[in-house]
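In: Provided below are the primary sequence and the corresponding predicted coordinates.
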Protein chains: 2
Amino acid sequence: MKEKATSFDIAHLAGVSQSTVSRALNNSPLVNLETRERVQRIAQELNYKVDKNASNLRKQKSSTIALLLFEDPTSDDSMINPFFLAMLGSITRACAKANYDLLVSFQNLEDDWHAEYEDSNKADGIILLGYGNYTDYQTKVAQLESQGTHFVRWGAPDKDHPGVSIGCDNYQGGQSITEHLIALGKKTFAFIGDNGVHAPEFMARYRGYTDTLEKHNLTAKSVQRNAISTEDDGSDAVRSLIECNELPEAIVCASDLIAMGALRALRRANINVPQDVAVVGYDNIAVSAYTTPALSTVQQNTNLAGELLVDTLLRAINNEKVEDYLMPADIIIRQSCGSE
Amino acid sequence: MKEKATSFDIAHLAGVSQSTVSRALNNSPLVNLETRERVQRIAQELNYKVDKNASNLRKQKSSTIALLLFEDPTSDDSMINPFFLAMLGSITRACAKANYDLLVSFQNLEDDWHAEYEDSNKADGIILLGYGNYTDYQTKVAQLESQGTHFVRWGAPDKDHPGVSIGCDNYQGGQSITEHLIALGKKTFAFIGDNGVHAPEFMARYRGYTDTLEKHNLTAKSVQRNAISTEDDGSDAVRSLIECNELPEAIVCASDLIAMGALRALRRANINVPQDVAVVGYDNIAVSAYTTPALSTVQQNTNLAGELLVDTLLRAINNEKVEDYLMPADIIIRQSCGSE
DNA sequence: CTGAAAGCGCTTACAG
DNA sequence: CTGAAAGCGCTTACAG
């Protein structure tokens, strides 16, 4: 195993100064074409790579962005929400395309994020990804902002929220799927999911749902059940619906995971979906295509989202003006709502 | 937004030299307790963080490991295999526990991995994760080794393979699930999955399967169909089984994704699982618990795997002796094999 | 177009 | 226990 080559080694071999090597390797137009090619050839032969630490230290930037995945402390620790995993994939790809490295880290909301702002040195900017309660981490985000850290957050844009947000139009998603159910002739509804201030995404979906019902004069027949976001929560909520004799014609779930639980509880109670009751979810996670019946749901375009997040952050890093962006939500119709 | 503080700023405020600041911040026992505490307090007040680039450059290490996720070029580009996603989660957590950062990057087998050895500067070691053909990337891995790069690979340990491998016992997994089916009284079998040299994991599962059949004198009634690893492959293979009138009592799939496709093709052909035919998968991806019927499968313990991978790599980085490790595979029995 | 020199912010022998 | 100094490997004004 040879010592790792430095730019001085190349300079020596190429018969030029180390400055010229650096310029040649960075494709500076200042350097003579022939010299540049010679230097690059030698660098390749030696399998030389610039030392990122040195280069970053000198340039005072890292060409790296950090992804902070924080999970709601109530969610199942062992399994990451598949939606975030999909986002992670698209973010990874978007970073690669932009020639940025991606540092990934999981955080709990309670954690001391200091461990991560520390990344202001290791990363040029931060992507914040996770559902959860604004107010819980607002102070931390505000601190990021006051430190001048560049960051973008995944979530519903919100005037009160510091920094830039990219999100999916949860209100419109809730509207669209509810409109679809109404068009299918459903008259009574239940919504399963937290509609409180602690889950703004869910709340927006809920508002889209209730506003649409209201528009069609169907509000009176709607009930709502709380469920955080796990399968068990969904199952419990549906069981309670059954026990209270409040089972409606259509159940709108705030997430696919909740809908999985709802389907399970209905199956156990020998209630047929979609014949007896229609069920819809939200997120279009991979599983939703494989349930029986396959779940109708609302899709957030994770590929687009990843690109948008990375592009926006990169523009922010370059001190360009960046703005919130709200992506449209698309409904995916499968069997669970009985449209066929 | 203030300028970022440096160790000199702290030295100035604390009335000590910059060297002492550095030592105090690194908890060097050399420095007087009182001085150390004063320095640390001031550092905290200024929200000072050591510049990782400078520190890494000086120490010539990065406290970062890189994860190279390479995907088989034949697999569906848009969706990452959920198994790898689960691994990614556990690796992320294991890194965090060890106070290492994780750089994530996706690679195609065709890619020039140079872009990543480049990480020898940015990362102290590399984790290689992905199914696929050894021979395809063997030269690249050999090059990693010859450069003295520290790396660990996820996959079946193999004497011919350069470097250290951590993997799951695919042979034993194939055995266990086949034994279970035989115990249930199944007499005729089909295996769906590539059993060639290009997919060593699948081949090991296949050998576990055939050896077990042989042990029970059931070989004659076994057929094998090729399928790379996607759902469509599994569906195609089962259709062909049906068309050729070769449908057995039990179908052993080399992966859960293949099994998903198998279930779909059987449902379309109005063949009942598990009454008419038993189906089992491999991987225990999240989806497998939600199919109808729920899929019996073989689990690789991703949490343990992530920890093992990180621990082993870290030991390799410290130039400790590291060895291949083969994790046991556990069977997960659900409804699709008709045991209930 | 090229070179000599400064300096990014640390850590760590070396000397006291 | 502490300080002055060197140096990690680059990039980039500055001067020619």
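Out: Great, that's in hand.

In: and the closest residue to DNA strand D within the stretch 201-340 of chain A, what pLDDT?
Out: In the stretch 201-340 of chain A, the residue found nearest to DNA strand D is A:Asn318; the distance is 14.2 Å by CB to the nearest atom of the strand. Where you see a C-beta, it was placed from the backbone N, CA and C, and this is true even at glycine. Predicted confidence (pLDDT) for A:Asn318: 83.

In: Quick one: neighbours of it, just the number.
Out: Using other CB atoms under 10 Å in any protein chain shown, A:Asn318 has 10 other residues around it.

In: Could you measure from it over to A:Thr149?
Out: 15 Å (CB to CB, to the nearest Å).

In: swap in A:Ser28?
Out: Distance, A:Ser28 to A:Thr149, by CB to CB: 31 Å.

In: More neighbours: those two, which one.
Out: Taking other CB under 10 Å, A:Ser28 and A:Thr149 do not tie; A:Thr149 has more neighbours (21 against 11).

In: hang on, that one in a helix?
Out: No. Counting by DSSP: H, G, I helix; E, B strand; the rest coil, A:Thr149 falls outside a helix, being coil.

In: Looks like it contacts A:Ala123 (just checking).
Out: No. A:Thr149 is beyond contact range of A:Ala123, at 9.2 Å (criterion: CB atoms under 8 Å).

In: Model confidence score at the residue nearest to A:Asp256 when sequence neighbours are not counted, please.
Out: Nearest non-adjacent residue to A:Asp256, counting by CB to CB, 6 or more residues apart in numbering or on different chains: A:Gly281, 3.8 Å away. Per-residue confidence (pLDDT) for A:Gly281: 94.

In: residues in contact with A:Leu249?
Out: Actually, residue A:249 is Glu. It isn't Leu. The contact partners of A:Glu249, taken as CB atoms under 8 Å, 6 or more residues apart in numbering or on different chains, are A:Lys186, A:Lys187, A:Thr188, A:Phe189, A:Val277, A:Ala278.

In: got a markdown table for these, with secondary structure too?
Out: Putting these into a markdown table (three-state DSSP) gives the following:
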| residue | secondary structure |
| --- | --- |
| A:Lys186 | coil |
| A:Lys187 | coil |
| A:Thr188 | coil |
| A:Phe189 | strand |
| A:Val277 | coil |
| A:Ala278 | strand |
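
In: and those residues, which are buried?
Out: Neighbour-count burial (16 or more other CB atoms under 10 Å in any protein chain shown) applied to those gives A:Lys186, A:Thr188, A:Phe189, A:Val277, A:Ala278.

In: Can you spell out which helices and strands pack onto the strand or helix carrying A:Gly89?
Out: Per DSSP states H and E: A:Gly89 is located in helix A:82-97. Judged by 3 or more CB pairs under 8 Å, 6 or more residues apart in numbering or on different chains; DSSP states H and E, the packing partners of helix A:82-97 are strand A:64-71, strand A:101-108, strand A:125-129, helix A:302-317, helix B:82-97, strand B:101-108.

In: Those residues of the stretch 51-200 of chain A touching DNA strand D, which are they?
Out: Residues of the stretch 51-200 of chain A lying close to DNA strand D by CB under 7 Å from any atom of the strand are A:Asp51, A:Ala54, A:Ser55, A:Leu57, A:Arg58, A:Lys59.

In: So for the second one, what's the nearest residue that isn't a sequence neighbour?
Out: Counting by CB to CB, 6+ apart, A:Ala54 lies nearest to B:Leu57, which is 5.2 Å off, once chain neighbours are set aside.

In: What pLDDT does the model give the one you found?
Out: On the pLDDT scale, B:Leu57 is placed at 85.

In: Please apply the same query to A:Ile42.
Out: On pLDDT, A:Ile42 comes in at 85.

In: Look at it and give its secondary structure.
Out: A:Ile42 ends up helix, using three-state DSSP.

In: pretty sure it contacts A:Leu13?
Out: Yes. Applying CB under 8 Å, one finds A:Ile42 in contact with A:Leu13, separated by 5.2 Å.

In: which one of the two has more residues nearby?
Out: Shown here are A:Ile42 and A:Leu13; by other CB under 10 Å, A:Ile42 has more neighbours (21 against 16).

In: What separation do you get for the more buried one and A:Ser19?
Out: Distance from A:Ile42 to A:Ser19, by CB to CB: 16 Å.

In: how close does the residue of the stretch 201-340 of chain A closest to DNA strand D get to DNA strand C?
Out: 20 Å (CB to the nearest atom of the strand, to the nearest Å).

In: need the helices and strands packed on helix A:82-97 in TSV with mean neighbour count, can you?
Out: Formatted as TSV, the helices and strands packed on helix A:82-97 follow (neighbours: other CB atoms under 10 Å in any protein chain shown):
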stretch	mean neighbour count
strand A:64-71	24
strand A:101-108	21
strand A:125-129	25
helix A:302-317	21
helix B:82-97	22
strand B:101-108	21
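
In: what about those, which gets the closest to A:Tyr171?
Out: The minimum distance between A:Tyr171 and the helices and strands packed on helix A:82-97 falls on helix A:302-317, with 16.8 Å, by CB to CB.

In: any idea what sits nearest the residue of the stretch 151-300 of chain A found nearest chain B, other than its immediate chain neighbours?
Out: Of the stretch 151-300 of chain A, the residue with the smallest distance to chain B, taken as CB to the nearest CB, is A:Thr292 at 3.4 Å. Nearest non-adjacent residue to A:Thr292, counting by CB to CB, 6+ apart: B:Thr292, 3.4 Å away.

In: same question, A:Asn226
Out: Sequence neighbours aside, A:Asp194 is the residue nearest to A:Asn226 in space, at 5.6 Å (criterion: CB to CB, 6+ apart).

In: what's the neighbour count on the one you found?
Out: A:Asp194 is flanked by 24 other residues according to other CB under 10 Å.

In: For chain A, just list every one of the strands.
Out: Taking DSSP state E, the strands of chain A run over residues A:64-71, A:101-108, A:125-129, A:151-154, A:164-168, A:189-192, A:222-225, A:250-253, A:278-280, A:297-299, A:325-327, A:330-332.

In: tell me the contacts of the nearest residue to A:Ala259 once chain neighbours are set aside?
Out: Spatially, and ignoring its direct neighbours in sequence, A:Ala259 is nearest to A:Gly281 (3.3 Å; CB to CB, 6+ apart). Applying CB under 8 Å, 6+ apart to A:Gly281 gives the contacts A:Cys253, A:Ser255, A:Asp256, A:Ile258, A:Ala259, A:Met260, A:Ser288, A:Leu295, A:Ser296, A:Thr297, A:Val298, A:Ser336.
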